[in-house]
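K.L.:
Need coordinates for the following:
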Amino acid sequence: MFPYPSGKIHMGHLRNYTIGDVIARYKRARGFEVLHPIGWDAFGLPAENAARENNINPAIWTKENIDNMRMQLKSIGLSYNWERELSTHGLAYRKESWVNWDPVDQTVLANEQVIDGKGWRSGAIVEKHCGTIPVPEKDLPVTLPPDVEFTSGGNPLDKHPTWKFVDCPKCGKQVERETDTFDTFFESSWYFAAFCSEDKFINKDACNRFMPVDYYIGGIEHAILHLLYSRFFCRALTRCGYFDIKEPFSTLITQGMVCHTTYKDENGKWLFPEEAKELVALGLKIQVGKVEKMSKSKRNTVDPNFIIRKYGADTARLFVLSDTPPEKDIEWSDNGIEGCFRYINKLWRMVMQFKPIVIQNQSPTIQVADTEIKKEICYHILK
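P.N.:
Below is the predicted model of the structure:
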């Protein structure tokens with residue numbers, strides 16, 4: 001599951017990506033060839049809505065957010081193949097063909113609607129037009145206009161005064177670009193194949209080597225929609241000869257939610273945990289609610305960046321891994337994160353204490369010393 005570039009990671013990101021990182025590191029340590037990619041779920045509608053709210057171009061908004069979140073994810077210490085980073089996008093091909101064009105009704109006619117060479121309704125002589133023509137490779141990529149206006153309704157590209165009007169690469173006449181877009185599931189259903197292919201649309205040999213994806217980690221909602229569509233596209237691409245993989249994913253891990261106690265003030269307004277602590281310190285009353293999934297609306301969130309700055313990335317990663325099995329909901333607690341912090345510091349002090357001894361006894365023949373070192377290490381870990 002790749003992040004939507006909102007500009008800020010949350011605890012769900014931390015848990016999801018830490019689980020995947022542990023699996024990737026474990027497999028690498030065992031000698032497997034591991035492809036552990038990262039990308040950005042930068043499809044249109046959320047970015048358009050956010051850009052409209054902030055009065056900024058969607059491309060600029062998305063790029064800035066990706067830059068911010070990339071730094072945050074790197075601060076966690078995740079072992080991604082950053083050189084294969086993608087902002088998810090899709091390609092589609094339409095077959096070139098002649099169409100029956102009615103110059104009066106200004107529309108394409110099916111063969112059944114052409115009678116004796118004339119449009120069935122207008123009676124106009126039907127002309128041959130070029131139909132759907134792919135953009136020449138030399139003109140790629142087609143970039144969106146920076147001055148598009150995101151009004152309340154409709155497709156903003158349809159309303160742009162100049163962008164959609166171009167010369168046909170086949171006949172030279174002025175034509176209109178296609179302004180419609182696919183549903184988001186079209187592009188997001190086969191992106192995993194693109195990570196295997198560095199130099200082309202789909203590299204068959206590379207896809208056959210790395211696919212199927214060994215572990216898909218995401219929320220349970222993905223199993224209902226996204227995985228179903230991915231399975232269809234994987235079989236379709238196999239049938240078209242792009243690779244020889246029938247099932248896209250081998251294992252699905254549906255991680256649980258990160259939960260936290262909810263708080264309200266005396267007037268019923270949601271409070272952040274820090275705000276609740278401040279009110280209690282001032283002697284004011286608050287309402288302590290039930291433990292629920294972390295959400296911005298209920299303000300029961302914890303900023304991962306604050307935790308990383310205060311305790312370090314290792315502490316944050318250890319907490320989301322050690323407290324609860326991955327598939328179960330995890331309840332955030334200050335005591336839990338403090339306990340992980342103390343454990344890591346104890347482990348660090350122990351390593352530094354025994355480092356000189358280990359260096360002095362590197363010879364494989366000193367088995368007694370090795371055994372004593374192991375006993376000491378176990379004692380300090382369990383103490």
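
K.L.:
then the helix or strand encompassing residue 214 to CSV, C-alphas only?
P.N.:
Using DSSP states H and E, the element containing residue 214 is strand 213-218. Output in CSV follows, covering the C-alpha atoms of strand 213-218 (Å, rounded to 0.1, in the frame of the first residue of the first chain):
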residue,chain,number,x,y,z
VAL,A,213,4.5,-9.8,-5.2
ASP,A,214,5.4,-11.9,-2.1
TYR,A,215,3.7,-9.7,0.5
TYR,A,216,0.9,-7.1,0.0
ILE,A,217,0.5,-5.1,3.2
GLY,A,218,-2.6,-2.9,3.6
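
K.L.:
So for that strand, what gets flagged as buried?
P.N.:
In terms of neighbour count (16 or more other C-beta atoms under 10 Å), strand 213-218 has its buried residues at 213, 216-218. Quick note: C-beta positions are derived from backbone N, CA and C, even for glycine.

K.L.:
What is the nearest of these to residue 57?
P.N.:
Taking C-beta to C-beta as the measure, residue 218 is the one of the buried residues of strand 213-218 closest to residue 57, at 29.6 Å.

K.L.:
That closest one contacts residue 249, doesn't it?
P.N.:
No: counting by C-beta atoms under 8 Å, residue 249 is not a contact partner of residue 218; they are 10.1 Å apart.

K.L.:
next one: phi and psi at the nearest residue to residue 145 once chain neighbours are set aside?
P.N.:
Counting by C-beta to C-beta, 6 or more residues apart in numbering, residue 145 lies nearest to residue 163, which is 4.3 Å off, once chain neighbours are set aside. Dihedral pair for residue 163: phi -60, psi -40, per degrees, to the nearest 10.

K.L.:
Give me the neighbour count for residue 163.
P.N.:
Number of residues near residue 163 (other C-beta atoms under 10 Å) recorded here: 20.

K.L.:
Give the full set of residues in contact with it.
P.N.:
144-145, 148, 157, 177 (C-beta atoms under 8 Å, 6 or more residues apart in numbering).

K.L.:
Please report how far it lies from residue 155.
P.N.:
Between residue 163 and residue 155 the computed distance is 12 Å (C-beta to C-beta, to the nearest Å).

K.L.:
So what's the gap between the longest helix belonging to the chain and the chain middle?
P.N.:
Secondary structure of the chain per DSSP state H: the longest helix is helix 334-360. Relative to the centre of its chain, helix 334-360 is centred 34 Å away, using C-alpha atoms, centre = their mean, to the nearest Å.

K.L.:
now swap in stretch 318-325 and tell me
P.N.:
Between the centre of stretch 318-325 and the centre of its chain there are 22 Å (C-alpha atoms, centre = their mean).

K.L.:
State the mean pLDDT of that stretch.
P.N.:
Per-residue pLDDT values over stretch 318-325 give a mean of 86.

K.L.:
Would you mind pulling up the elements that the strand holding residue 214 packs against?
P.N.:
Applying 3 or more C-beta pairs under 8 Å, 6 or more residues apart in numbering; DSSP states H and E, one finds that strand 213-218 contacts helix 11-29, strand 249-254.

K.L.:
out of everything not next to it in sequence, what's closest to residue 27?
P.N.:
residue 34 (5.0 Å).

K.L.:
Run through who's touching the strand or helix carrying residue 292.
P.N.:
Counting by DSSP H and E, the element that carries residue 292 is strand 287-293. Identification of contacts with strand 287-293 by C-beta under 8 Å, 6+ apart yields 257-266, 268, 276, 298, 300, 329, 331.

K.L.:
If we use 7 Å, what do you get?
P.N.:
Residues from elsewhere that reach strand 287-293 (C-beta atoms under 7 Å, 6 or more residues apart in numbering): 257, 259-264, 298, 300, 331.

K.L.:
Pairing partners for it, with directions?
P.N.:
Using DSSP bridges, the strands paired with strand 287-293 in its sheet are strand 258-264 (antiparallel).

K.L.:
Buried residues, the strand it pairs with. List them.
P.N.:
Buried, per 16+ other C-beta under 10 Å, within strand 258-264: 258-260, 262-264.

K.L.:
one step back: including distance to residue 290 and pLDDT, could the buried residues of strand 213-218 go into TSV?
P.N.:
Converted to TSV, those look like this (distance: C-beta to C-beta, whole Å; pLDDT from 0 to 100):
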residue	distance to residue 290	pLDDT
213	36	92
216	31	90
217	27	86
218	25	82
